[in-house]
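**Q** Pasting the sequence and the predicted model now:
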Amino acid sequence: MWGQTGGGTTSTTTGMAGSTAYDASTYTPPTYGVTGYAPVTSTTFGRALIIKLIDIKQSTATNPVFVYEGRAVSAGNNGNLNVVMSSMIDAIFVDWPGKSGATQTVTRPVR
């Protein structure tokens, strides 16, 4: 928590003349800082999807020939992959096939 930690106006009695008190005020600019702590619990779930398309005619069992690879990563407070999977698939195929070797940042709403 953040707030005022000091400063402000201070009144001080500087003297007495008979039964009359003489007061003075001083002003110091306020200072701000940490005023307390509150525990916060938060979980962020990371998700990743990789899609690789292989040319079957040019591939062998030991040497696959990839013609496309797309990756999508996502993070959020919902651990249910079903909620975000369709948006991640959509994001991979935006501007498909795109420029070879290029990284593209895509933001998709969760349906």
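**A** Perfect, thanks for sending it. All of these numbers come straight from a predicted model, not from anything done at the bench.
**Q** Domain boundaries for the chain, per the record?
**A** With domains defined by automatic domain parsing, the chain comprises 2-34, 45-92.
**Q** Select from those domains the stretch with the lowest mean pLDDT.
**A** Ranked by mean pLDDT, these bottom out at domain 2-34, which scores a mean of 79.
**Q** Quick check on the residue of the chain most remote from its centre: phi, psi?
**A** Distance from the C-alpha centroid of the chain, by CA atoms, centre = their mean, peaks at residue 18 (64.6 Å). As for residue 18, its main-chain torsions (degrees, to the nearest 10) stand at phi 70, psi -120.
**Q** Residue 89 too?
**A** According to degrees, to the nearest 10, residue 89 has phi -60, psi -50.
**Q** show me what contacts it?
**A** Residue 89 makes contact with 49, 51, 72 under the criterion CB atoms under 8 Å, 6 or more residues apart in numbering. In this view, the C-beta of every residue, glycine as well, is placed from N, C-alpha and C.
**Q** which among those gets closest to residue 2?
**A** residue 72 (36.6 Å; CB to CB).
**Q** now the helix or strand that the closest one is a member of: how far from the chain's centre is it?
**A** Using DSSP states H and E, residue 72 falls within strand 66-76. With CA atoms, centre = their mean, to the nearest Å as the basis, strand 66-76 stands 20 Å off its chain's centre.
**Q** for that strand, which positions count as buried?
**A** By 16 or more other CB atoms under 10 Å, the buried positions in strand 66-76 come out as 70, 72, 74.
**Q** pretty sure the second one contacts residue 49?
**A** Yes: A contact is recorded between residue 72 and residue 49 when judged using CB atoms under 8 Å, the distance being 4.6 Å.
**Q** for the protein, what spans make up the strands?
**A** For the chain, applying DSSP state E gives strands covering 2-17, 20-34, 45-54, 66-76.
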